[in-house]
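A.B. asks: please work out how this folds:
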Amino acid sequence: HHIANCSRPSQLATAILSQQLTPITSSHRFISSLFKKKMAKHHPDLVMCRKQPGIAIGRLCEKCDGKCVICDSFVNPSNIVHICDECNYGSFEGRCVVCGGVGVTDAYYCRECVQMGKDRDGCPKIVNLGSTKTDLFYERKKYGFKKR
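C.D. replies: Numbering: from 1, shown residues only. The predicted model follows:
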């Protein structure tokens, strides 16, 4: 296909991102799944759970206290964060939504994320370790530092 034959803007974006202007179906699903799982503004490598939230309320630790869980903003907390039952099960109960530490306060979305509908994208719990945390772990292991 040529660019002129793309009927929808999403098809055009998919064709450009996959750098081929032929079959779009499988690459479209892959690329849209990448955009769905996107994390906070400043940490693009972190992945959110995004399952259907339940009645469990998300918590934040002292370090993350006051942050919006989507955009890391400290202003205008608006709606309370609900997480899925799997993210609140067992040892994960009461843990920080962002870093996994001990939760001390309830988590909130900022007003801007609520207006843009980002509070309706599913469970915002981070499910993977970021590259910086992983690098820190191996760096400590290499030098034999113990956590205090």
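A.B. asks: tell me where this protein has helices.
C.D. replies: 9-18, 25-36, 111-115, 131-143 (DSSP state H).
A.B. asks: which strands and helices sit next to the third one?
C.D. replies: Secondary structure elements in contact with helix 111-115, counted by 3 or more CB pairs under 8 Å, 6 or more residues apart in numbering; DSSP states H and E, are strand 77-80. Yep, even glycine has a C-beta here, placed from its N, CA and C like the rest.
A.B. asks: and the strand it packs on, what does it pack onto?
C.D. replies: With contacts taken as 3+ CB pairs under 8 Å, 6+ apart, strand 77-80 sits against strand 108-110, helix 111-115.
A.B. asks: which one of the helices of the chain has the lowest average pLDDT?
C.D. replies: Set side by side, the helices of the chain give their lowest mean pLDDT on helix 25-36, at a mean of 46.
A.B. asks: where does pLDDT dip in the chain?
C.D. replies: Applying pLDDT under 70 to the chain flags the ranges 1-42, 145-148.
A.B. asks: if we can go back for a sec, of the helices and strands packed on strand 77-80, flag the one that's most buried.
C.D. replies: Mean neighbour count (mean count of other CB atoms under 10 Å) peaks for strand 108-110 among those, with a mean of 23.
A.B. asks: which outside residues touch that strand?
C.D. replies: The contact list for strand 108-110 (CB atoms under 8 Å, 6 or more residues apart in numbering) reads 68-71, 73, 75-81, 118-119.
A.B. asks: ditto for stretch 63-72
C.D. replies: Under CB under 8 Å, 6+ apart, the answer for stretch 63-72 is 40-42, 58, 60, 73-74, 77, 81, 96-99, 101, 104-105, 107-110, 112-113, 118-119, 124.
A.B. asks: using CSV, write out every CA atom in that stretch.
C.D. replies: These are the backbone C-alpha positions of stretch 63-72, laid out as CSV (Å, rounded to 0.1, in the frame of the first residue of the first chain):
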residue,chain,number,x,y,z
LYS,A,63,8.9,8.6,49.3
CYS,A,64,6.1,8.7,46.7
ASP,A,65,3.6,10.5,48.9
GLY,A,66,1.6,13.1,47.1
LYS,A,67,2.4,12.0,43.6
CYS,A,68,-0.1,11.3,40.9
VAL,A,69,0.5,7.7,40.0
ILE,A,70,0.2,8.4,36.2
CYS,A,71,2.2,11.6,35.6
ASP,A,72,4.2,12.1,38.8
